[in-house]
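In: Output the structure for:
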Amino acid sequence: MAFLMKSMLSNQVKNLGLGGGGDESKEESTPSDPAAAAGMTREEYEEYQKQMVEEKMERDAAFAQKKAERAVLRVHLREKYRLPKSELDENQIQMAGDDVGLPEDLQKMVAEDQEEEEDKDSILGQLQNIQNMDMDAIKEKAQATFTEMKQAAEQKCSMM
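Out: Numbers count the residues shown, from 1 in each chain. Below you'll find the model as predicted:
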């Protein structure tokens, strides 16, 4: 009899919303369909999912393109400074396609660097470098080197 009274009272308390059985009613009221949970019809939900997948694919493609552009830049710098090649960079370029190139602003920078290097390598560039040198410091260094060599030769040779 006590069991019967207890179960009747617990059911009444659950119906009032004062205790223990609230979790069961929440589970029953939650729809199992994700479209209904989002407040959409089934068709709207499927269209939404398609849009999400397409946007993710576009983002992934743009990300792969940026990674490939960075890899091209690293390959260019490795060639310029004669550093060893990286297979990872070559793989990234191949994955994005071979049509990947340096971005325009970087191409301008590379062209400017090449022009500066060509100017430095020319005779006029070398003449400008000579003008910028400190001749007094060079003379002092040459004289110091000469005196060191002379002293070393005197120590080794008894005739001098």
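
In: which is the next helix or strand following the helix or strand of the chain with the lowest mean pLDDT?
Out: Least confident helix or strand, the chain: helix 22-29 with a mean of 49, by mean pLDDT, DSSP states H and E. Counting by DSSP states H and E, the next helix or strand C-terminal to helix 22-29 is helix 34-37.

In: Name the residues of that following helix that are buried.
Out: Ala35 (16 or more other CB atoms under 10 Å). Where you see a C-beta, it was placed from the backbone N, CA and C, and this is true even at glycine.

In: same question for the helix or strand where Asp113 lies, mean pLDDT?
Out: If you go by DSSP H and E, Asp113 is part of helix 104-121. Summarised as a single mean, pLDDT over helix 104-121 is 78.

In: Can I get that helix in PDB, CA atoms only?
Out: Only the C-alpha atoms of helix 104-121 are listed here, as PDB (Å, rounded to 0.1, in the frame of the first residue of the first chain):
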ATOM      1  CA  GLU A 104      51.100  40.800 -58.000                       C
ATOM      2  CA  ASP A 105      52.500  42.800 -55.200                       C
ATOM      3  CA  LEU A 106      55.200  40.200 -54.600                       C
ATOM      4  CA  GLN A 107      56.000  40.100 -58.300                       C
ATOM      5  CA  LYS A 108      56.600  43.800 -58.200                       C
ATOM      6  CA  MET A 109      58.900  43.500 -55.200                       C
ATOM      7  CA  VAL A 110      60.800  40.700 -56.900                       C
ATOM      8  CA  ALA A 111      61.200  42.700 -60.100                       C
ATOM      9  CA  GLU A 112      62.600  45.700 -58.000                       C
ATOM     10  CA  ASP A 113      65.000  43.400 -56.200                       C
ATOM     11  CA  GLN A 114      66.300  42.000 -59.500                       C
ATOM     12  CA  GLU A 115      66.800  45.500 -60.900                       C
ATOM     13  CA  GLU A 116      68.700  46.600 -57.800                       C
ATOM     14  CA  GLU A 117      70.900  43.500 -58.000                       C
ATOM     15  CA  GLU A 118      71.600  44.100 -61.700                       C
ATOM     16  CA  ASP A 119      72.600  47.700 -60.900                       C
ATOM     17  CA  LYS A 120      75.000  46.500 -58.200                       C
ATOM     18  CA  ASP A 121      76.500  44.000 -60.600                       C
END
